[in-house]
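*Asks:* Using only what follows, build the 3D model:
(one chain, ligands or ions: 2)
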Amino acid sequence: MNRKKLQKLAESLCRTAKHFNKIEVECLIKLFHTLVVEPSDRHVVIGLDRNMFRNILHVTFGMTDDMIMDRVFRAFDKDNDSCISVTEWVEGLSIFLRGTLEERIKYCFEVYDLNGDGYISREEMFHMLKNSLLKQPSEEDPDEGIKDLVEITLKKMDYDHDGKLSYTDFEKAVRDENLLLEAFGPCLPDMKNSMAFEMQAFQETGDL
Ligand SMILES: [Ca+2]
Ligand SMILES: [Ca+2]
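*Replies:* Numbers count the residues shown, from 1 in each chain. Ligands and ions are numbered 1, 2, ... in the order given. Model prediction:
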């Protein structure tokens, strides 16, 4: 990509990826191109596929949960073409790394609403909690404990008592108690990983 094209793209992405300045966006575009293998077939879309992206989530951001990583991929892949484009990459990272509380609430809800029907259902909660808790060995029937946990969570978060979490329920609960943001499994980077990523991605800033 030549300099002029890069600057033009960075300028336009700056407007949508609000938490990065133009130089940072340029760095992220460059990083994207080092991560993406240029396809030999010109008609293939250039972008990060599921495996490449999951690898980044795992290696750089320390994520281990397959189901959550898949959902994070889907949250980045806005046009749902199974490939993260440069636009989706920069805009996604803007929220992932520096999102406001409101943006992060929307993002987490999207991740946790596994089937994308606009609600986090009992089954989805069960699935995610089971998934994130199974790593801890327990002597009793784990399913019973998780069912109890789902009921406790509903009691705390299901404000309109319809047995599932709408976006409004989720938002209200998280605004009350910020720790509930990642109630169903870690899907945002922690401070250490996100600082390490930014330092690496933006290290060239001084040369520009
Ligand atoms: Ca896409
Ligand atoms: Ca759902």
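
*Asks:* ok, now which ones touch the closest residue to Ser121 other than its chain neighbours?
*Replies:* Nearest non-adjacent residue to Ser121, counting by CB to CB, 6 or more residues apart in numbering: Lys164, 4.8 Å away. In short, each C-beta sits where N, CA and C put it, glycine included. Applying CB atoms under 8 Å, 6 or more residues apart in numbering, one finds that Lys164 lies in contact with Tyr119, Ile120, Ser121, Arg122, Asp158.

*Asks:* How about Gly185?
*Replies:* Contacts of Gly185 (CB under 8 Å, 6+ apart): Asp65, Met67, Ile68, Tyr112, Met128, Leu129, Asn131, Ser132.

*Asks:* ok, now with 6 Å
*Replies:* Asp65, Ile68, Met128, Ser132 (CB atoms under 6 Å, 6 or more residues apart in numbering).

*Asks:* ditto for Tyr119
*Replies:* Contact analysis of Tyr119 by CB under 6 Å, 6+ apart lists Lys164, Ser166.

*Asks:* One more pass at 10 Å, please.
*Replies:* Phe109, Tyr112, Asp113, Asp162, Gly163, Lys164, Leu165, Ser166, Tyr167, Asp169, Phe170 (CB atoms under 10 Å, 6 or more residues apart in numbering).

*Asks:* Now secondary structure too, for these, in TSV please.
*Replies:* Formatted as TSV, these follow (DSSP: H, G, I helix; E, B strand; the rest coil):
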residue	secondary structure
Phe109	helix
Tyr112	helix
Asp113	coil
Asp162	coil
Gly163	coil
Lys164	coil
Leu165	strand
Ser166	strand
Tyr167	helix
Asp169	helix
Phe170	helix
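
*Asks:* Tabulate the residues you listed in TSV, adding columns for distance to ligand 1.
*Replies:* Formatted as TSV, the contacts of Tyr119 follow (distance: CB to the ion, whole Å):
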residue	distance to ligand 1
Phe109	20
Tyr112	21
Asp113	19
Asp162	33
Gly163	33
Lys164	28
Leu165	27
Ser166	26
Tyr167	23
Asp169	29
Phe170	25
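
*Asks:* Of those residues, which qualify as buried by neighbour count?
*Replies:* Phe109, Tyr112, Asp113, Lys164, Leu165, Ser166, Asp169, Phe170 (16 or more other CB atoms under 10 Å).

*Asks:* Would you mark the buried spots in the biggest helix by length in the chain?
*Replies:* Using DSSP state H to define each element, the chain has its longest helix at helix 142-157. Residues of helix 142-157 classed as buried by neighbour count (16+ other CB under 10 Å): Ile146, Lys147, Val150, Thr153, Leu154, Met157.

*Asks:* What separation do you get for the closest residue in space to the fourth one that isn't next to it in sequence and ligand 2?
*Replies:* Nearest residue to Thr153, sequence neighbours excluded (CB to CB, 6+ apart): Met125, at 6.1 Å. Between Met125 and ligand 2 the distance is 10 Å, computed by CB to the ion, to the nearest Å.

*Asks:* Now do the contacts for the residue positioned nearest the centre of the chain.
*Replies:* The centroid of the chain falls nearest to Val72 when counting by CA atoms, centre = their mean (3.9 Å). Neighbouring residues of Val72 by CB under 10 Å, 6+ apart: 53-54, 57, 61, 63, 65, 92, 96, 107, 110-111, 187-188.
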